[in-house]
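# quick check, what structure comes out for this input:
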Amino acid sequence: MISYFPGFTGIYLRRIIYKILFKKIGKKFYSEIGLFFTCPKKIEIGNNCNFMRYSSLNACEESKIIVGNNIRVNYNVNINASNGGEIVIGDNVLIGQNTVIRAANHNTKDRHKMIIDAGHVRGTIIIEDNVWIGANCVILQNVNIGEGSVIAAGTVITKDVERNSVIAGNKQAYVKSRL
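Numbers count the residues shown, from 1 in each chain. Below you'll find the predicted structure:
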């Protein structure tokens, strides 16, 4: 209910209540309406962090999310470490709207099981300091995005990004058969 309380009163009330609910929330925390989260005791947020409308933080089942200082998260961003994943975001990071950061994935290795019943594979995502992730990006498990990098809008990240890189575009490539 508190996540939908409007105006400056809602911003102030969320700041107070979230400090109790989360493992850690630093000074000058700001969230607009609709910030959704699960298992807040597994989420740490640094100082001067802003979360715009309808973003979410999920960290259940032996998961954790650590967010540094001076972070700006735009509208409708999903930061999801559930199912045993871990996400670490450094300082001074910008995340564009509609971005998905997901540290676990469905297990597809056992072709004798239905994918829905096969569980998940845990992973880790590390986003170093001073990174800009454009709108509509997808960051998948087991990647490290190096300091000072820029991820262009609409990019899917499936492997490590070296420091000070600019990454754009997607190349859909056949990976392997499940047979």
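
# contact partners for the residue minimising distance to the centre of the chain?
Centroid-nearest residue in the chain, with Cα atoms, centre = their mean: Ile79, separated by 2.3 Å. Shown in contact with Ile79 (Cβ atoms under 8 Å, 6 or more residues apart in numbering): Ser55, Ser56, Leu57, Asn58, Ile65, Val67, Val73, Ile87, Ile89, Ile95, Ile101. Placement of C-beta: from N, CA and C, glycine included.

# from these, which ones fall inside strands?
Among those, the members found in strands (DSSP state E) are Ser56, Leu57, Asn58, Ile65, Val67, Val73, Ile87, Ile89, Ile95, Ile101.

# can I get the residues you listed in CSV including neighbour count, pLDDT and distance to Ile16?
Formatted as CSV, the ones in strands among the contacts of Ile79 follow (neighbours: other Cβ atoms under 10 Å; pLDDT from 0 to 100; distance: Cβ to Cβ, whole Å):
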residue, neighbour count, pLDDT, distance to Ile16
Ser56, 17, 96, 20
Leu57, 26, 97, 18
Asn58, 24, 96, 22
Ile65, 28, 98, 21
Val67, 25, 98, 19
Val73, 27, 98, 20
Ile87, 27, 98, 25
Ile89, 25, 98, 24
Ile95, 27, 98, 25
Ile101, 27, 98, 27
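
# for the residues you listed, which one is nearest Ala135?
Using Cβ to Cβ, Ile95 is the member of the ones in strands among the contacts of Ile79 that sits closest to Ala135, with 9.2 Å.

# just checking, the closest one touches Val73?
Yes: between Ile95 and Val73 there is a contact at 4.8 Å, judged by Cβ atoms under 8 Å.

# so where is this protein shaky, pLDDT-wise?
1, 171-179 (pLDDT under 70).

# where does Ile16 land in three-state SS?
helix (DSSP: H, G, I helix; E, B strand; the rest coil).
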